[in-house]
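[1] What follows is a protein structure lacking sequence information:
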């Protein structure tokens, strides 16, 4: 037993090495040996043997794949083992096999899924009958194990449904079993007695008890540019991921309740409304149950299915939403907190109804819960209110005074952990209502407590992260209203950047003497400076003039290695590029630096212009298409704002144009990056048409398809002006893809008059150039809707 315990740890730590030629593949001997021990008389040995083999499933170890049928056969011989640890490891193996070798399991799912309990017992109880199939990851088996008296076994079995729900065969395999499975998952979503003890579920009032430091999860700052991009992708779907179904932070370990809720969430997304006939009778009983634990689980179920079953739930929501709002005042804190979360999952529907019906009562009750006497409820209410803010946006403007009174009052009431969540709620409010916050009455309420916290925190305190994020949103929203507070905030951000760069330099020179700095301080400070530049506009000019921010920016955005030497303009305030000891390999630092350079270019170009020669080689290097991956938000240099008349960009076109053209033609480039690249090419072509137009044919088609779907705005306007100027320089470059240009022009709803004239001249010029007969042939290829639109707007 001791030897097997040691072997299990070796398998956990060195699974890849054991399957490598470096050790002459010892697994070829070990796997068959482990399989022999599946039949050992000691349950501890059987359990160790399965656990050892399980380590090699996800990596598809060659030795295991060669013995896969024997492995599955042996697993089912142990399926109803009396030892819970053995059953747990059998379930764990089946879940992993479902992910990596579903091909070996599918035949048995189909052929054995309907077997009778008697045959099931015969097959799984011991040695199989001669001639019968021996491999059956049977739904009946997993249904039984999900209700196992040992919660660890039940949890492993529950993972099976979560994994199966993500497989293409899910619907075919599970449809017939939903009637049995759904009640089991719903039952698993109740708090156990242990859960309630761990959560202090009997403690109703704890607001005066200070948080211990281990209650507070470490916080990592997300770069502003990354956050904005992901919000676009998410499309404002409320909670986003369904993982933290019930927000049990203190139950941070994965448990049966969370796994059951996650499985139901994923199944709701697979089966949609087909799930409701199995769920609605249960929900009716649960939601109005007298026992609070049962009622609480019903509210969790309602939240878990919100995303997948929304359409089917709509007829019931006029009755359910008022009931959930009443649950916000339940006597049990755990019921109040789950009601906050579930209501946030239906915020999109609530906001779409007349505000008097649901939005106003929900907002009123949520604000009361923000001031609840229970810390868990405060936290859930704050998070739910932030989701409501994102959905409601300017619908909240009439209630701003009431909202701010509540949030500011919470400043004096909250302990450490919830204070950090409160910053997020305030920042989200600023993002949602924007310039409507710029009223003297609101500024007077909001700013004093924020500035007080700002003054209390030391530069090395990580609580600065959420506060700086919050202030960034507030500064952008308040615009000129932030002016009285901007100088100390700006100076401190510059200091934070300077300190972090200095620490990085010392660490790089003497790593044995100094600790590596926390770069998040620099990222969050750069993002707040971006917020100030965006909010204050031209007012930020004096602050920039009195600081060394351009030099610091230059240091922040350098990539490792020597950038090409650019020509030095006279009286340049930034030193020539030399490999700085603090050069940063973290893309988030560069992203935030680029975003700030873009915002400063718009706000005070006079300070950016002298530095263009120094920045351009770095920007060109960061445009390397190799840096772009679909999984990671790519670094996005702010070339577009720099393409401004008077910027004298001609010398730098060779540094950037080839990379831009490669990015826009590259398959799987993220949508937002495609749009930004197209806008940049357009603006670059506007200020340097002679240099960019010769390459028109290489990018015109993806350029047009990238920008046809974005709405009319200033960036789109400037990009299209550039493309029109380039067509004037090189009309031949657009001929082959002219239909794409026509489609992009037709995407405009109301272009400015002079831009409309530019489109008119190009369309009619092309028609005149090719002649009536060729135009007629071309016209026949144009889809009818596009043809009608071009005729109505441009007379072609």
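    Yep, it's here. These numbers come from a predicted model, not from an experiment.

[2] Flag every buried residue along whichever strand or helix holds residue 99.
    Following DSSP states H and E, one finds residue 99 within helix 84-100. By neighbour count on 16 or more other C-beta atoms under 10 Å, the buried set for helix 84-100 is 84-98. Backbone N, C-alpha and C define where each C-beta goes, glycine included.

[3] next one: stretch 764-773
    For stretch 764-773, using 16+ other C-beta under 10 Å, the buried residues are 766, 767.

[4] List the contacts of residue 283.
    By C-beta atoms under 8 Å, 6 or more residues apart in numbering, residue 283 lies in contact with 298, 301, 302.

[5] got it, and residue 39?
    46, 74, 77.

[6] ranges for the strands of the protein?
    Counting by DSSP state E, one finds no strands in the chain.

[7] mind showing which ranges of this protein have poor pLDDT?
    Residues of the chain that meet the criterion pLDDT under 70 lie in 107-139, 213-252, 559-586, 626-638, 640, 645-647.

[8] Could you chop it up by domain?
    Domain ranges of the chain: 1-116+138-190, 618-795, per the TED database.

[9] would TSV of these with distance to residue 373 be doable?
    Formatted as TSV, the domains of the chain follow (distance: least, C-beta to C-beta, whole Å):
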stretch	distance to residue 373
domain 1-116+138-190	25
domain 618-795	41
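
[10] And those: which comes nearest residue 558?
    For residue 558, the closest of the domains of the chain is domain 618-795, at 5.7 Å, according to C-beta to C-beta.

[11] Helices of the stretch 501-650 of the chain, residue ranges please.
    520-536, 541-545, 549-556, 587-603, 605-608, 612-622, 639-642 (DSSP state H, counting those that start in this stretch).

[12] Can you name every helix or strand that the fourth one contacts?
    It stands for helix 587-603. helix 224-234, helix 520-536, helix 549-556, helix 605-608, helix 612-622, helix 639-642 (3 or more C-beta pairs under 8 Å, 6 or more residues apart in numbering; DSSP states H and E).

[13] And these: which comes nearest residue 150?
    Taking C-beta to C-beta, helix 224-234 is the member of the helices and strands packed on helix 587-603 nearest to residue 150, at 38.1 Å.

[14] Could you double-check that residue 62 sits in contact with residue 27?
    Yes - using C-beta atoms under 8 Å, residue 62 is in contact with residue 27, at 7.5 Å.

[15] Among these two, which residue is more densely surrounded?
    Taking other C-beta atoms under 10 Å, residue 62 and residue 27 do not tie; residue 27 has more neighbours (24 against 14).

[16] Isn't that one up against residue 59?
    No - taking C-beta under 8 Å as the definition, residue 27 is not a contact partner of residue 59, at 10.3 Å.

[17] Name the residues contacting each of these two.
    residue 19.

[18] returning to that earlier point: highest average neighbour count across the helices and strands packed on helix 587-603?
    Mean neighbour counts were compared across the helices and strands packed on helix 587-603 using mean count of other C-beta atoms under 10 Å; the top stretch is helix 520-536, at a mean of 28.

[19] now the angle between helix 549-556 and it, please.
    On the basis of axes from the mean of the first three to the mean of the last three C-alpha atoms, to 10 degrees, helix 520-536 is oriented at 140 degrees to helix 549-556.

[20] Summarise which helices and strands helix 520-536 is packed against.
    Counting contacts by 3+ C-beta pairs under 8 Å, 6+ apart, helix 520-536 is packed against helix 224-234, helix 464-478, helix 483-509, helix 549-556, helix 587-603.

[21] Go again with 10 Å.
    In terms of contacts (3 or more C-beta pairs under 10 Å, 6 or more residues apart in numbering; DSSP states H and E), helix 520-536 is packed against helix 224-234, helix 416-433, helix 464-478, helix 483-509, helix 541-545, helix 549-556, helix 587-603.

[22] between the longest one and helix 520-536, how many degrees?
    I take that to be helix 483-509. Angle of helix 483-509 versus helix 520-536, following the same axes, to 10 degrees, is 150 degrees.

[23] and helix 483-509, how far out from the chain's middle?
    28 Å (C-alpha atoms, centre = their mean, to the nearest Å).

[24] what comes up buried for it?
    485-486, 489-490, 492-494, 496-501, 503-507.

[25] that older thread, quick one: which of the contacts of residue 283 is nearest to residue 381?
    When the contacts of residue 283 are compared for distance to residue 381 (C-beta to C-beta), residue 302 wins out at 17.4 Å.

[26] Residue 359 versus the closest one, what's the distance?
    Residue 302 is 19 Å from residue 359, where distance means C-beta to C-beta, to the nearest Å.

[27] More neighbours: which of the two?
    Higher neighbour count among residue 302 and residue 359: residue 302, with 26 against 21, using other C-beta under 10 Å.

[28] Leaving out the residues flanking it, which one is nearest to that one?
    Leaving aside its chain neighbours, residue 302 sits nearest to residue 342 (5.2 Å; criterion: C-beta to C-beta, 6 or more residues apart in numbering).

[29] Please tell me how far that neighbour sits from residue 336.
    With distances taken as C-beta to C-beta, residue 342 is found 11 Å from residue 336.

[30] Next: residue 748.
    When distance is defined by C-beta to C-beta, residue 748 is 50 Å away from residue 336.

[31] Same question for residue 652.
    59 Å.

[32] try residue 616
    For residue 616 relative to residue 336 (C-beta to C-beta), the value is 56 Å.

[33] Tabulate the helices and strands packed on helix 587-603 in CSV, adding columns for distance to residue 188.
    What follows is the helices and strands packed on helix 587-603, written out as CSV (distance: least, C-beta to C-beta, whole Å):
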stretch, distance to residue 188
helix 224-234, 28
helix 520-536, 38
helix 549-556, 49
helix 605-608, 58
helix 612-622, 49
helix 639-642, 51
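
[34] closest one to residue 286 among the ones you listed?
    Nearest to residue 286, of these and by C-beta to C-beta, is helix 224-234 at 29.8 Å.

[35] Take the helices of the stretch 501-650 of the chain and lay them out in CSV including distance to residue 778.
    As requested, these are arranged in CSV below (distance: least, C-beta to C-beta, whole Å):
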stretch, distance to residue 778
helix 520-536, 44
helix 541-545, 51
helix 549-556, 49
helix 587-603, 39
helix 605-608, 42
helix 612-622, 38
helix 639-642, 32
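
[36] Which of those helices sits closest to residue 722?
    Here helix 639-642 is closest among these (C-beta to C-beta), at 10.5 Å.

[37] roughly how far is that closest one from the heart of the chain?
    Remark: helix 639-642 is offset 26 Å from the chain centroid, using C-alpha atoms, centre = their mean.

[38] elements contacting that helix?
    Partner elements for helix 639-642 (3+ C-beta pairs under 10 Å, 6+ apart): helix 587-603, helix 605-608, helix 612-622, helix 653-665, helix 671-687, helix 714-729.

[39] how deep is residue 513 tucked in, by neighbour count?
    Considering only other C-beta under 10 Å, residue 513 is surrounded by 8 other residues.

[40] That one against residue 507, yeah?
    Yes - counting by C-beta atoms under 10 Å, residue 513 does reach residue 507; the two are 8.5 Å apart.

[41] Spatially nearest residue to residue 50 (excluding sequence neighbours)?
    residue 89 (3.9 Å).
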